[in-house]
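**Q** My questions are about this predicted structure, shown below with the sequence.
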Amino acid sequence: MTHRVGPKGQVVIPKDLRDELSLEAGDEVDFELVNGGVVVTPTRRHETLKGSMEGSGLVSALEADRRAEPR
């Protein structure tokens, strides 16, 4: 696939690739220079963070505090 670089340095990611990668407007991508070319990779912060707080008990602690508060 060949696309032109716009006057502001922008390139449109073709729809079929956006669909394949589940990219939507506002999503972030990472750029990496590899062997004289550019590799574009979706940034999946929400997937990376998902489960990172698992087992911390923060929600349970907050719920317990709220139940203990006088009404």
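**A** Ah, there it is.

**Q** Please make it C-alpha for all contacts and neighbour counts, starting now.
**A** Noted.

**Q** Identify the residue spatially nearest to the residue positioned nearest the centre of the chain, adjacent ones excluded.
**A** By CA atoms, centre = their mean, the mean C-alpha position of the chain lies nearest to Arg44, the distance being 3.1 Å. Of all residues not flanking Arg44 in the chain, Glu28 sits nearest, at 7.9 Å (CA to CA, 6 or more residues apart in numbering).

**Q** So what's the residue count around the one you found?
**A** Neighbourhood size, Glu28 [other CA atoms under 10 Å]: 12.

**Q** Touching, it and Thr43? I think so.
**A** Yes - between Glu28 and Thr43 there is a contact at 5.4 Å, judged by CA atoms under 8 Å.

**Q** residue ranges for the helices of the protein, please.
**A** 15-21, 45-49, 58-68 (DSSP state H).

**Q** thinking again about what came up before, let's see the pLDDT reported for the residue nearest to the centre of the chain.
**A** Arg44 is assigned 75 on the pLDDT scale.
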